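> Here is my input; please provide its structure:
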Amino acid sequence: MRKITVGIIGTGFIGPAHIEAIRRLGFVEVVAIAESNLASAEKKAQRLGIPKAYGDYRELLQDPDIGVVHNCTPNYLHFQINKEAILAGKHILSEKPLAISSVESAELVALAKSKGIVHGVNFNYRQFPILRQLASMIQRDDLGPIHLIHGSYLQDWLLYETDYNWRLAPEIGGASRAVADIGSHWCDTIQYVTGKKVVEVFADLATVIPIRKKPIHKVTTYASQGGTAVDYEDAAIVTEDYASVLLRFDDGAKGVFSVSQVSAGRKNKLSFELNGSKKSACWNQEEAEKLWIGHRDQANEVLLADPALFLQEARSTIHHPGGHNEGWPDSVKHMMLHFYSFLREGKDPLTEQANFATFEDGHCSMLITEAILDSYAKGQWVKVKQTRG
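Numbers count the residues shown, from 1 in each chain. This is a model prediction of the structure:
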């Protein structure tokens with residue numbers, strides 16, 4: 001069977017992660033990359049072992065040998081590239097956020113549907129096998145009705161005033177940073193696991209470091225200066241380093257989460273706890289193979305990811321025996337596997353349920369982010385708009 005052929009647009013931090021995950025599938029091949037200029041694209045293509053390099057993404061979209069495009073560019077480019085990819089007849093997997101406004105994301109949902117394009121958004125945290133197990137437990141009512149949902153997503157890569165990259169510039173990253181960047185992952189994961197929808201928010205945001213030292217030369221996301229002499233200029237910061245958000249869900253459940261990119265020692269800690277009438281459950285992405293299960297009248301448990309211990313409906317999501325722990329790169333691979341299996345099997349995106357995040361989920365995320373920004377501006381509860389694209 002002929003392999004599915006893919007072009008990657010953007011090869012910063014996340015692009016190579018997509019490429020590595022795709023290569024693990026076996027039936028998909030990355031044949032081209034596009035960068036902002038040809039010299040950069042050729043250098044990256046040689047390093048990554050990819051045959052074609054383009055200095056303009058539009059040239060990649062015109063390549064008849066490419067069937068699927070991955071949009072791994074900075075946020076402000078997502079809408080235009082996603083739109084042009086759909087119009088070029090390419091199936092599309094986009095990094096989040098899907099766009100920088102819900103008007104744009106709604107347009108993309110409608111356009112993808114009208115063209116019959118298979119569309120996905122890389123909300124990869126929902127792809128951890130143990131979260132499929134937890135979702136199955138909730139569907140079976142093992143926890144009872146869930147009354148309280150709380151958690152956080154904490155990082156420290158912007159702790160110092162000299163930490164800087166493009167995500168801090170609203171004209172490139174968008175009006176929201178911490179919420180759009182990592183809060184979106186938290187909300188998507190919670191909605192997937194619980195089956196509940198966030199319908200109302202009350203938010204408090206803060207820019208902890210209002211003036212940062214911006215390097216004169218470009219810095220890669222998560223990169224450390226490592227003591228190297230760097231020339232800086234002052235840059236005013238208007239997007240949030242921190243946010244806490246009260247939540248109301250569609251079934252009456254209550255919740256709260258915090259996000260921070262200035263929490264020392266926290267590298268990528270997405271965590272949450274669900275408190276049900278029978279049991280509680282708690283998960284931390286930095287120890288992704290463990291699910292804590294809390295009881296009142298018996299000893300608490302820790303379930304380790306193991307297909308032999310999973311419910312039947314969750315076993316197909318885990319690919320290694322117990323003790324062979326799967327981590328963040330595996331969650332990206334699972335996302336790719338589900339997306340490309342859907343495509344290979346010829347499923348209809350208009351009529352068949354996808355087991356990965358779609359543009360509809362990306363649009364829902366945009367609506368939640370905008371409601372959070374609106375709530376903070378008004379200092380009151382704000383309803384999340386309906387998610388029709």
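
> Residue ranges in the chain under the pLDDT threshold?
1, 218-229, 387-389 (pLDDT under 70).

> Show me the residue at the heart of it, geometrically.
Among the residues of the chain, the one closest to the centroid is Phe123, at 3.3 Å (Cα atoms, centre = their mean).

> close enough to count as contact, it and His185?
Yes - judged on Cβ atoms under 8 Å, Phe123 makes contact with His185 at a distance of 6.4 Å. Any C-beta I mention is one placed from the backbone N, CA and C, and that applies to glycine too.

> Overlap of the contact sets of the two?
Here Phe123 and His185 have Lys96 as joint contacts, going by Cβ atoms under 8 Å, 6 or more residues apart in numbering.

> quick one on the thing from earlier: number of residues surrounding the nearest residue in space to the residue nearest to the centre of the chain that is not next to it in sequence?
Nearest non-adjacent residue to Phe123, counting by Cβ to Cβ, 6 or more residues apart in numbering: Ala357, 3.9 Å away. Using other Cβ atoms under 10 Å, Ala357 has 29 other residues around it.

> Distance of Ala357 relative to Ala110?
Distance of Ala357 to Ala110, given as Cβ to Cβ, to the nearest Å: 18 Å.

> Please apply the same query to Gln46.
39 Å.

> Could you do Gly252 as well?
Going from Gly252 to Ala110 by Cβ to Cβ gives 31 Å.

> And these two? Which one has more around it.
Counted by other Cβ under 10 Å, Gly252 and Ala110 do not tie: Ala110 has more neighbours, with 14 against 10.

> Endpoint to endpoint, stretch 8-20 covers what distance?
12 Å (Cα to Cα, to the nearest Å).

> which parts of it are buried?
Neighbour-count burial for stretch 8-20 flags Ile8, Ile9, Gly10, Thr11, Gly12, Ile14, Gly15, Pro16, Ala17, His18, Ile19 (criterion: 16 or more other Cβ atoms under 10 Å).

> in what helix or strand does Tyr376 lie?
Assigned by DSSP states H and E, Tyr376 belongs to helix 359-378.

> Show me what that helix is packed against.
The contact analysis (3 or more Cβ pairs under 8 Å, 6 or more residues apart in numbering; DSSP states H and E) places helix 359-378 against helix 102-115, strand 119-121, helix 184-194, strand 198-206, strand 242-249, strand 382-383.

> how far off helix 184-194 does it point, in degrees?
120 degrees (axes from the mean of the first three to the mean of the last three Cα atoms, to 10 degrees).

> what angle separates helix 359-378 from helix 102-115?
Going by the same axes, to 10 degrees, helix 359-378 is angled at 170 degrees with respect to helix 102-115.

> buried stuff in helix 359-378?
Within helix 359-378, the residues that qualify as buried are 359-376, counting by 16+ other Cβ under 10 Å.

> again with stretch 128-140
Under the neighbour-count criterion of 16+ other Cβ under 10 Å, stretch 128-140 has Phe128, Pro129, Ile130, Leu131, Arg132, Gln133, Leu134, Ala135, Ser136, Met137, Ile138 buried.

> Let me know whether the fifth one touches Thr317 as I believe.
Yes - with contact defined as Cβ under 8 Å, Arg132 counts as touching Thr317 (4.3 Å).

> returning to what we had before: okay, the helix holding Tyr376 in PDB with CA atoms only?
Only the C-alpha atoms of helix 359-378 are listed here, as PDB (Å, rounded to 0.1, in the frame of the first residue of the first chain):
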ATOM      1  CA  PHE A 359     -11.300  21.700  14.100                       C
ATOM      2  CA  GLU A 360     -14.600  21.700  16.100                       C
ATOM      3  CA  ASP A 361     -12.500  21.200  19.300                       C
ATOM      4  CA  GLY A 362     -10.100  23.900  18.200                       C
ATOM      5  CA  HIS A 363     -13.000  26.300  17.700                       C
ATOM      6  CA  CYS A 364     -14.400  25.300  21.100                       C
ATOM      7  CA  SER A 365     -11.000  26.200  22.600                       C
ATOM      8  CA  MET A 366     -11.000  29.600  21.000                       C
ATOM      9  CA  LEU A 367     -14.500  30.400  22.400                       C
ATOM     10  CA  ILE A 368     -13.300  29.400  25.900                       C
ATOM     11  CA  THR A 369     -10.200  31.600  25.600                       C
ATOM     12  CA  GLU A 370     -12.200  34.600  24.400                       C
ATOM     13  CA  ALA A 371     -14.700  34.100  27.200                       C
ATOM     14  CA  ILE A 372     -11.800  34.100  29.700                       C
ATOM     15  CA  LEU A 373     -10.300  37.300  28.300                       C
ATOM     16  CA  ASP A 374     -13.800  38.900  28.300                       C
ATOM     17  CA  SER A 375     -14.400  37.900  31.900                       C
ATOM     18  CA  TYR A 376     -11.100  39.400  33.100                       C
ATOM     19  CA  ALA A 377     -11.800  42.600  31.300                       C
ATOM     20  CA  LYS A 378     -15.300  42.900  32.800                       C
END
